[in-house]
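In: model the following, please.
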Amino acid sequence: MTSLFLAGCQIKKPSHLEYVRSVDKLTNMLMALDEKVDTFEARDLAKESIGYAQKLAKEYNLVSPPYVQNMLVNAGLKKRGLCYEWADDLFTYLTARDYRTLVLHRVGANIGKLREHNALSVSYKGEGIAHSILLDAWRNSGNLFFIKIEEDKKYSWKERFYK
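Out: Below is the predicted model:
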């Protein structure tokens, strides 16, 4: 029964054309953060964040929608795939790339509440999250969701600081 249920919950991997369009769109959004954003860095961050989100979906053996993955992780049937794990893994991967003009921020919404959600945002160096692009790998089950953080109507984001 469980395997039959999960068979209907598999994620849809984007086509190559969808991937290219997403990379182009995110690159342009990152370039629009500031005229001093390095073009190579913007393109690299776009490619790597979109591609790594897909890699994590495979590693997590992801199912969709995201709340189903959460239920399976919380029940001990899957090891990873909660929103903070997506954010942590993506943050670790991208910060190792050592961008000079772009800065990653850990962000959270509804912090400390039942529907807490975690993601990343990226801004031009020296800017905070108010003028940043949200990177949410959990929301669309590994297909990276990105938007100007102030345009996200689903969540009200705050920067999270970890030691």
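
In: strands of this structure, start to end?
Out: Under the criterion DSSP state E, the chain contains strands at 102-109, 117-124, 132-136, 145-148, 158-160.

In: for the third one, the averaged confidence score.
Out: The one in question is strand 132-136. Mean pLDDT, strand 132-136: 98.

In: and that strand, how far out from the chain middle?
Out: 7 Å (Cα atoms, centre = their mean, to the nearest Å).

In: tell me the strands beside that strand, with direction?
Out: Strand pairing for strand 132-136, using DSSP bridges, gives strand 117-124 (antiparallel), strand 145-148 (antiparallel).

In: okay if I get those as CSV plus mean pLDDT?
Out: Formatted as CSV, the strands paired with strand 132-136 follow (pLDDT from 0 to 100):
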stretch, mean pLDDT
strand 117-124, 98
strand 145-148, 98
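
In: looking at the strands of the chain, which is closest to Asp89?
Out: Comparing these against Asp89 with Cβ to Cβ, the closest turns out to be strand 117-124 (10.3 Å). In short, each C-beta sits where N, CA and C put it, glycine included.

In: list the contacts of the closest one.
Out: 30, 33-34, 36-37, 45, 83-84, 86-87, 90-91, 94, 101-110, 129, 131-139, 149, 155, 157, 160 (Cβ atoms under 8 Å, 6 or more residues apart in numbering).

In: could the strands paired with strand 132-136 be laid out in CSV, adding mean neighbour count and distance to Val23?
Out: Shown next, in CSV, are the strands paired with strand 132-136 (neighbours: other Cβ atoms under 10 Å; distance: least, Cβ to Cβ, whole Å):
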stretch, mean neighbour count, distance to Val23
strand 117-124, 24, 14
strand 145-148, 18, 11
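
In: how about the ones you listed, which one is nearest Lys25?
Out: Of all those, it is strand 145-148 that lies closest to Lys25, at 7.9 Å by Cβ to Cβ.

In: could I get the strands paired with strand 132-136 as JSON lines with distance to Glu18?
Out: Formatted as JSON lines, those follow (distance: least, Cβ to Cβ, whole Å):
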{"stretch": "strand 117-124", "distance to Glu18": "21"}
{"stretch": "strand 145-148", "distance to Glu18": "13"}
